[in-house]
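Participant: Got a sequence here, can you build the structure:
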Amino acid sequence: MKTKGAILWNVNEPWSVEEIEIDDPREGEVQVQLAASGLCHSDHHLFTGDSPLESYPAIGGHEGAGVITKIGPGVKGLQEGDHVVLSFIPACGQCVPCSTGHQNLCDLGADLLTGKSISDGTSRIRARGKDVIPMCLLGTFAPYVTVHQYSVVKIEDHIPLEVAALVGCGVTTGWGSVTNVAQVRPGENVVVVGIGGVGINSVQAAVAAGANNIIAIDPVAYKREQAKRFGATHTFASMEEALEPVTELTWGRLADVVVLTIGRIQGEHIEPAMWLTGKTGRCVVVGMGHVDDMDVKLSLALLAVMQHTLHGALFGGANPRKEIPSLLSMYQAGKLELDALITNTYRLEDINQGYQDMLDGKNLRGVIKYTEADR
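Facilitator: Now for the predicted structure:
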C-alpha cells in the first residue's frame, strides 16, 4: 500500500514526510493501522548518528499502538480488529534470553537497526524506489506498519491507544529500570537523573515501590516541576548541586539507587552519579550514548570501597508480553499515570517541531496522532 512516513535520508538532515510504499504482511506478520506514535529520544539518535545505521534512508518511530487490519499466513493468537501495542524489542519466546525470563534481550534484537524483517530478511518499506530501514523493525512514523507478530502485544479494546503507545518503550523502560533492574525496596532513597519520557516513569515506579526520598535531577525547571507532580520529594538542577542536600537528607547514607535516564548519556556522567550512590548502592545506566563512546570517568577505589553495583538496563529488564498488559492494567486501576505524560500532540508533518520541543525541554513526551486525514 502507499501511505506516508517520516524519513531520514542522512545524518543531521531534517525528517522528510513523503510518500512510502509498505508491503502486505508475509509469513508471521500483521499490518497495523496506527492511532499514535511517541516521539522518543532514541529516534533522535538516528538523526544525530549516535545509533549508526548500515545505510539510509530510514523511517523512525518505535512507540506505537493501533488496530490490526491484515493478517499474514502463520500468525497465531491475533486477528483483524485486535488492538495492539508494538514492543520495540521483539520477543520470540524461544531463544535462551526469552526462555530464561529476559525477553528484553531476545536474540532477534540483534537486527533492530538493520531493516531485515524477521520473517525472511528482506525489506518491507520503500521510498523513492529505495529500501527503507524501519527503526526497531517497526517504523511507527507512518500511519500503517507491517511488522512481525513477535513485535505485537494484544491489549484490551477499551484502553486509549494514544496512551497505550507509550508503554511500547518509554513507560516500560523507566518503570522497569526501577522495579526489575534496581529492585527498589520500601524505604530506600532513589535518585533519578534526567526527567523525560523515561525518567518521569522511573519517578512513578519509585513512588509505587515505596521509596522514601525520591530525588529528581534535571536542568530544566519545567521538568523538575513535573517530577514533583508525579511524586518526587526533592528536585535539583544537577548532580553536583544535589550531592550535599542528598547527603543531609539521608543522614550521610546517600542514595540506595541512582537511575541515569539522560537522553544522551556520556562517560562523564558516571562519576557524579556514583558519588551520589551510597554503600552497596546500585547505579543503573538507562540512557543511550554514541555507540563509539568508550571513555568513562570512574573512581575504581570508590567502586570497591563502597561496594557499588554499576548496572546496565535495556527496556527496563521487561518481559513485554507480561509487563505491557500489566502496566496498562495499573493505568486502568488509577495506579499509573499515563495521560499526563503527553505534553503535546503533533501531526506527522510537524515531527521536526516535535523533536525541537523535546530538545528545548518543553515535553515529557510528545505524541504523533493519526487521524482519518492520514489514511
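
Participant: which residue packs closest to Q79, ignoring adjacent ones?
Facilitator: When the adjacent residues along the chain are set aside, Q79 lies closest to I71, with 6.3 Å between them (Cβ to Cβ, 6 or more residues apart in numbering). In short, each C-beta sits where N, CA and C put it, glycine included.

Participant: What number of residues are in the vicinity of that neighbour?
Facilitator: If you count neighbours by other Cβ atoms under 10 Å, I71 ends up with 16.

Participant: cool, E240 as well?
Facilitator: By other Cβ under 10 Å, the residues close to E240 number 12.

Participant: Now do the same contact list for it.
Facilitator: Counting by Cβ atoms under 8 Å, 6 or more residues apart in numbering, E240 touches P272.

Participant: residues of the strand or helix carrying it that come out buried?
Facilitator: Using DSSP states H and E, the secondary-structure element containing E240 is helix 239-249. Judged by neighbour count using 16 or more other Cβ atoms under 10 Å, the buried positions of helix 239-249 are M239, A242, V246, T247, L249.

Participant: pLDDT (mean, whole number) over that helix?
Facilitator: On average, the pLDDT along helix 239-249 is 97.

Participant: Neighbours of L302, how many?
Facilitator: Residues within reach of L302, counting by other Cβ under 10 Å, total 13.

Participant: For it, give me the pLDDT.
Facilitator: Each residue has a pLDDT score; the one for L302 is 92.

Participant: who touches the helix or strand hosting D256?
Facilitator: Per DSSP H and E: D256 is located in strand 255-260. Contacts of strand 255-260 with the rest of the structure, by Cβ under 8 Å, 6+ apart, involve 177-178, 182, 184-185, 188-194, 199, 202, 206, 211, 215, 246, 269-270, 273-274, 276-278, 280-287.

Participant: how about the helices in the stretch 251-375 of the chain?
Facilitator: For the stretch 251-375 of the chain, the helices identified by DSSP state H, counting those that start in this stretch occupy 270-275, 300-305, 320-332, 351-359, in order along the chain.

Participant: Check which helices and strands the second one sits against.
Facilitator: So that's helix 300-305. Helix 300-305 makes packing contacts with helix 270-275 when contacts are defined by 3 or more Cβ pairs under 8 Å, 6 or more residues apart in numbering; DSSP states H and E.

Participant: Centre of the chain to the helix it packs on, how far?
Facilitator: Relative to the chain's own centre, helix 270-275 is displaced by 23 Å; criterion: Cα atoms, centre = their mean, to the nearest Å.

Participant: in it, what counts as buried?
Facilitator: By neighbour count on 16+ other Cβ under 10 Å, the buried set for helix 270-275 is I270, P272, A273, M274, W275.

Participant: ok, now stretch 107-124?
Facilitator: Of the residues in stretch 107-124, L108, G109, L112, L113, G115, K116, S117, I118, S119, S123, R124 count as buried by neighbour count, 16+ other Cβ under 10 Å.

Participant: Helices along the stretch 1-150 of the chain, start to end?
Facilitator: Ranges of helices in the stretch 1-150 of the chain, per DSSP H, counting those that start in this stretch, are 41-48, 96-99.

Participant: surely R375 meets T69?
Facilitator: No: distance between R375 and T69: 10.3 Å, which falls outside the contact criterion (Cβ atoms under 8 Å).

Participant: Of the two, which one has the most company?
Facilitator: Neighbours per residue (other Cβ under 10 Å) separate R375 from T69, with T69 holding more: 15 against 9.

Participant: need the contact list for that one.
Facilitator: Residues in contact with T69, defined by Cβ under 8 Å, 6+ apart, are Q31, V32, Q33, E80, Y144.

Participant: The fourth one: neighbouring residues, count only.
Facilitator: I take that to be E80. With other Cβ under 10 Å as criterion, E80 counts 11.

Participant: With the first one instead?
Facilitator: Taking other Cβ under 10 Å as the criterion, the count of residues near Q31 is 21.

Participant: Over to the second one?
Facilitator: Other residues within reach of V32, judged by other Cβ under 10 Å, total 28.

Participant: Was I right to think it contacts G61?
Facilitator: No: with the criterion set as Cβ under 8 Å, V32 and G61 do not qualify as a contacting pair; they are 12.0 Å apart.
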